[in-house]
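Participant: I'd like to go over a predicted model; first the sequence, then the structure.
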Amino acid sequence: MQFLKTLFWFLLALLVAVFSIGNWTTVPIKLWAGLIADVNLPLLLVLTFLAGLFPVLLYHHAVKWRMGQKLSTAERVIADLRGAVAANAAQPSPPAQVPIDRPEIGAIPPTAVPTAVPPGVA
């Protein structure tokens, strides 16, 4: 995989070099007060690319940092909750004593006995 990454970047650099050699012309840029700057076209394209990339890159890093902060906060809360649950589990509470009313076997009336026979059983 590393070889493919290296090959990709090498081919991209080769493509940029061939483009730069083929388009090595000066572009006049009119500045304030009648000044004219002669800039090579490849340099102008690289500067334009970086001017578009930089704000998006800053936004990406800001979002990534914010998500990291949210994740660390959530992990901290979970760790606190686990500690609280572990502390409660170390001191078990006494079981609840609930009386259960159980009718005696002979107390079931005969009308409550199921009389249906499932299909297929004779």
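Facilitator: The structure has been received and is ready for your questions.
Participant: show me where this protein has its helices.
Facilitator: Secondary structure of the chain, counting by DSSP state H: helices at 2-22, 41-90.
Participant: format the ones you listed as TSV; extra columns: distance to I29 and mean pLDDT.
Facilitator: The way it works is simple: take the backbone N, C-alpha and C, and place the C-beta from them, glycine included. Conversion of those to TSV gives the following (distance: least, C-beta to C-beta, whole Å; pLDDT from 0 to 100):
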stretch	distance to I29	mean pLDDT
helix 2-22	18	93
helix 41-90	8	92
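Participant: for V117, which of the ones you listed is the nearest?
Facilitator: helix 41-90 (49.6 Å; C-beta to C-beta).
Participant: elements contacting the closest one?
Facilitator: helix 2-22, strand 26-30 (3 or more C-beta pairs under 8 Å, 6 or more residues apart in numbering; DSSP states H and E).
Participant: tell me which of those sits nearest to L50.
Facilitator: helix 2-22 (13.4 Å).
Participant: the closest one packs against which elements?
Facilitator: With contacts taken as 3+ C-beta pairs under 8 Å, 6+ apart, helix 2-22 sits against helix 41-90.
Participant: and the angle for the helix it packs on with helix 2-22?
Facilitator: 150 degrees (axes from the mean of the first three to the mean of the last three C-alpha atoms, to 10 degrees).
Participant: for F54, find the nearest of the helices and strands packed on helix 41-90.
Facilitator: Comparing these by C-beta to C-beta, helix 2-22 comes nearest, at 18.6 Å.
Participant: tally of neighbours for V27?
Facilitator: Counted with other C-beta atoms under 10 Å, residues neighbouring V27 total 13.
Participant: would you mind measuring from it to L35?
Facilitator: Relative to L35, V27 is positioned 14 Å away (C-beta to C-beta, to the nearest Å).
Participant: repeat for L15
Facilitator: Per C-beta to C-beta, L15 is found 33 Å from L35.
Participant: coming back round to it: which of the helices and strands packed on helix 41-90 sits closest to I78?
Facilitator: Closest approach to I78 among these (C-beta to C-beta): helix 2-22, 36.2 Å.
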